[in-house]
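Enquirer: How does the following fold in three dimensions:
(chains A and B)
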Amino acid sequence: MSEVNDVTKDALKKINVKEYGNLVKEMKPKRALIPDLIWAFVIGGLICLVAQFIQNQFIINGVSILDARASTAIIMIFLAALATGLGIYDILGERAGAGTIVPITGFANVIVASAMEFKKEGYVFGVGAKIFNVAGPTLVFGIVTAMLIGLIKFFLIS
Amino acid sequence: MGPLLNAFLTGGGLCLIGQLIINLTDAKVTPSHILVGYITTGAILSGLGLYQPLVDFGGAGATIPLSGFGHLLAQGSLKAVETSGLLGAIKGGVEAGAAGITAAIVFGYLAAVIFNPRG
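Expert: Here you go, the predicted structure:
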């Protein structure tokens, strides 16, 4: 028994970092590209189709396009937060990949998922802080980029 | 039927690009990377005037993906510069995205308090 262990230990020692990386790559289940792309396209497309339908209802009722877009985003975020809480969104996400990440529903999904995960750490430093664990960087980069674009326009005009 | 189909095609296409990035890059691409990449790229394309045509064609298919949120922030910043100058660049982005940001925080917090993680 100990002999076997020694042999295993020696073998393990010989595997350097690069080999380990290759090993991980080999062992990782390879996902077929085409089905992944089709799932992402169809589910992502359907989420946007639902959003377009909701937005149309606002516009039919005389809401301005900008307000209709904002209201639609709010409804989609609400639906995604609910679906994440119920565990439905993540089941869909396992198959749809980027189809459930790229839409604003994916943004709501990561907010709820990370906040929920750290609930045991309390409502302030758990939920309150971790709510932006994953979504925080998104807002940081979005807000900074938008400001830079505004600054470029300001200094180019004046 | 036209706007719905256009939204499906545009939104689907944007998600397909994200899936290509996930599948074809060796590095581990997390949802965080995808979201950051989309919002930043959307804002930059918007600043260059290249995102608006996509919105005109795809409607919600272009505004619901995170790149559309970047477009919203960038346009907010650009429009506010016209009325408030330098101050506009600082306040315009968040002002335009306020509804989405507030909804995400409020519904996100509520959902996390009400529901418990599975598994």
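Enquirer: Quick one: residues contacting residue 82.
Expert: Looking at chain A here, since you left the chain open. If a contact means C-beta atoms under 8 Å, 6 or more residues apart in numbering or on different chains, then residue A:82 has B:107, B:111 as its contacts. For every residue, glycine as well, the C-beta is placed using N, CA and C.
Enquirer: Correction: the question concerned chain B.
Expert: Contacts of residue B:82 (C-beta under 8 Å, 6+ apart): residue B:88.
Enquirer: before we move on, which element is it in?
Expert: Assigned by DSSP states H and E, residue B:82 falls within helix B:66-84.
Enquirer: Tell me the predicted confidence for the most centrally placed residue in chain A.
Expert: In chain A, the centroid-proximal residue (C-alpha atoms, centre = their mean) is residue A:101; its distance is 3.9 Å. pLDDT, residue A:101: 97.
Enquirer: how about low-confidence regions in chain A?
Expert: A:1-18, A:20-21, A:23-30, A:158 (pLDDT under 70).
Enquirer: for it, what's the longest helix?
Expert: Longest helix of chain A, by residue count under DSSP state H: helix A:33-60.
Enquirer: Going by residue numbers, what spans are strands in chain A?
Expert: Assigned by DSSP state E, chain A shows no strands.
Enquirer: ok, the residue nearest to residue B:38 when sequence neighbours are not counted - contacts?
Expert: Nearest residue to residue B:38, sequence neighbours excluded (C-beta to C-beta, 6 or more residues apart in numbering or on different chains): residue B:66, at 3.9 Å. By C-beta under 8 Å, 6+ apart, the contact list for residue B:66 reads A:102, A:103, A:104, A:106, A:107, A:138, B:34, B:35, B:38, B:39, B:42.
Enquirer: could you redo the last one with a cut-off of 7 Å?
Expert: Applying C-beta atoms under 7 Å, 6 or more residues apart in numbering or on different chains to residue B:66 gives the contacts A:102, A:104, A:107, A:138, B:35, B:38, B:39, B:42.
Enquirer: One more: residue A:102?
Expert: Per C-beta under 7 Å, 6+ apart, neighbours of residue A:102: A:44, B:14, B:15, B:18, B:34, B:38, B:65, B:66.
Enquirer: Correct me if wrong: the first one contacts residue B:11.
Expert: Yes. With contact defined as C-beta atoms under 7 Å, residue A:44 reaches residue B:11; the gap is 5.4 Å.
Enquirer: and stretch B:4-18, C-alpha only, in PDB?
Expert: Provided in PDB are the C-alpha atoms of stretch B:4-18 (Å, rounded to 0.1, in the frame of the first residue of the first chain):
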ATOM      1  CA  LEU B   4     -40.200  41.500 -32.800                       C
ATOM      2  CA  LEU B   5     -38.200  39.600 -35.400                       C
ATOM      3  CA  ASN B   6     -35.600  42.300 -35.600                       C
ATOM      4  CA  ALA B   7     -35.300  42.300 -31.800                       C
ATOM      5  CA  PHE B   8     -34.900  38.500 -31.900                       C
ATOM      6  CA  LEU B   9     -32.200  38.600 -34.600                       C
ATOM      7  CA  THR B  10     -30.200  41.500 -33.100                       C
ATOM      8  CA  GLY B  11     -30.400  40.300 -29.500                       C
ATOM      9  CA  GLY B  12     -29.600  36.700 -30.600                       C
ATOM     10  CA  GLY B  13     -26.700  37.900 -32.700                       C
ATOM     11  CA  LEU B  14     -25.200  39.900 -29.800                       C
ATOM     12  CA  CYS B  15     -25.500  36.900 -27.500                       C
ATOM     13  CA  LEU B  16     -23.900  34.700 -30.100                       C
ATOM     14  CA  ILE B  17     -20.800  36.900 -30.200                       C
ATOM     15  CA  GLY B  18     -20.600  36.500 -26.400                       C
END
